[in-house]
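Below is the sequence, then the predicted model.
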Amino acid sequence: MKSCKFYILIFFIFTFIKVLDGKYTSEICNHDKPHIQFPFKVNSFCKNNITMINFRSYGDLGVKSISYDHHKLTLFDPKDCVFQVFMNLDLSSTPFRYYHVVKNYTYFNCSVKLPGSFEQVPCLSGSKHHVYVEDSSLNVPNSCKTVKTVSIPFAYSSYVSDDSFGLDLTWDSAGFKDIAKDKPGWFRFQSIGEELSIAVLVLLIVGLACIKAYYLKKSQSTELENEKLLGDLESL
């Protein structure tokens with residue numbers, strides 16, 4: 001029984017360490033990849049040896065670099081369409097905001113290609129529709145329909161078509177506390193609860209196994225005593 005208590009104690013210690021590690025650090029994909037640490041661990045995971053963060057409003061974005069000193073996070077879009085990210089990424093439910101100054105820009109969809117200096121967004125356009133992102137002060141042409149107006153760092157240009165340009169975010173330490181308090185679901189605290197549930201389940205299994213082993217040993221001891229008693233009676 002003492003050995004069971006020892007194993008249960010060791011189990012508790014390792015479980016506690018694992019839960020703390022899951023809360024304060026994230027899985028490291030590779031030694032040369034960004035390491036996400038508390039209070040930064042937010043819906044982060046490793047995918048194809050790339051550190052990823054999941055944003056509910058868009059999906060998974062890759063982590064390119066992190067500067068904790070400057071509070072700067074640089075992301076990249078695995079789909080290689082940064083303006084699709086800009087259009088759908090809602091940072092209001094996260095502790096983040098854009099690192100660069102933002103301005104209102106309008107997405108509009110046109111049935112024909114616009115002439116002049118207008119540049120369509122290739123990853124959002126097709127043969128029969130042409131999507132542009134321009135300053136909101138610009139009048140939308142008659143052949144176009146307004147899709148959405150968002151506050152983002154810049155309008156589309158072929159010079160800024162890289163999948164990570166502009167996806168720089170920053171955060172405030174207080175912002176993490178506010179989000180954790182008001183919108184706890186965005187953090188992965190739920191996964192910690194799941195880990196604890198599994199730990200309790202495993203502990204119950206270990207406990208039952210120890211109890212079974214104890215009573216089995218006690219039963220065997222009783223049988224030996226009975227056999228010894230019968231032997232003594234037979235020798236009389």
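Done, it's in.

contacting residues for S111?
K128, H129, H130, S143, C144 (C-beta atoms under 8 Å, 6 or more residues apart in numbering). No exception for glycine: its C-beta is placed from N, CA and C like everyone else's.

Among these, find the lowest-pLDDT one for me.
Of all the contacts of S111, S143 has the smallest pLDDT value, namely 88.

close enough to count as contact, that one and F108?
No - under the criterion of C-beta atoms under 8 Å, S143 is not in contact with F108, lying 9.7 Å apart.

ok, those two, which is more surrounded?
F108 (20 against 13; other C-beta atoms under 10 Å).

quick one: buried residues of the host helix or strand of the more buried one?
Following DSSP states H and E, one finds F108 within strand 103-110. Neighbour-count burial for strand 103-110, counted by 16 or more other C-beta atoms under 10 Å, picks out Y105, T106, Y107, F108, N109, C110.

Mind jotting down where the strands sit in this structure?
Remark: strands assigned in the chain by DSSP state E are 44-47, 50-55, 59-67, 72-76, 96-98, 103-110, 130-135, 144-152, 168-171.

Output the contacting helices and strands for the first one.
When contacts are defined as 3 or more C-beta pairs under 8 Å, 6 or more residues apart in numbering; DSSP states H and E, strand 44-47 sits against strand 50-55.

what's near enough to touch V131?
By C-beta under 8 Å, 6+ apart, the residues touching V131 are Y107, F108, N109, C110, Q120, V121, L124, S125, V147.

err, M52, not the other one
Going by C-beta under 8 Å, 6+ apart, M52 touches S44, F45, C46, D60, L61, G62, V63.

The strand holding F108 packs against which elements?
Applying 3+ C-beta pairs under 8 Å, 6+ apart, one finds that strand 103-110 makes contact with strand 130-135, strand 144-152.

Turn those into JSON lines, columns for distance to I211.
Converted to JSON lines, these look like this (distance: least, C-beta to C-beta, whole Å):
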{"stretch": "strand 130-135", "distance to I211": "66"}
{"stretch": "strand 144-152", "distance to I211": "61"}
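
Looking at those strands, which is nearest to F83?
strand 130-135 (5.8 Å; C-beta to C-beta).

which residues of the protein score low on pLDDT?
With pLDDT under 70 as the threshold, the chain has low-confidence stretches at 1-28, 30-43, 160-164, 173-203, 206-207, 214-215, 218-236.

All the helices of it, residue numbers only.
2-24, 82-88, 173-182, 189-235 (DSSP state H).

nearest to L114, of the helices and strands packed on strand 103-110?
strand 130-135 (6.6 Å).

can you give me the angle that closest one makes with strand 144-152?
With axes from the mean of the first three to the mean of the last three C-alpha atoms, to 10 degrees applied, the angle from strand 130-135 to strand 144-152 works out at 50 degrees.

what angle separates strand 130-135 from strand 103-110?
Counting by the same axes, to 10 degrees, strand 130-135 points 160 degrees away from the direction of strand 103-110.

and of the helices and strands packed on strand 103-110, who's closest to T51?
strand 144-152 (23.7 Å).

which residues sit against the closest one?
Against strand 144-152 from outside (C-beta under 8 Å, 6+ apart): 86-87, 98, 102-111, 114, 131-133, 136, 140, 166.

Let's see that strand as PDB, backbone CA atoms only.
Taking Å, rounded to 0.1, in the frame of the first residue of the first chain, the C-alpha atoms of strand 144-152 are listed here in PDB:
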ATOM      1  CA  CYS A 144     -18.500  48.000 -58.100                       C
ATOM      2  CA  LYS A 145     -20.200  47.000 -54.800                       C
ATOM      3  CA  THR A 146     -18.900  47.800 -51.400                       C
ATOM      4  CA  VAL A 147     -17.900  44.600 -49.500                       C
ATOM      5  CA  LYS A 148     -16.600  45.900 -46.200                       C
ATOM      6  CA  THR A 149     -14.800  48.800 -44.600                       C
ATOM      7  CA  VAL A 150     -12.100  47.900 -42.000                       C
ATOM      8  CA  SER A 151      -9.300  49.600 -40.100                       C
ATOM      9  CA  ILE A 152      -6.100  48.200 -41.400                       C
END
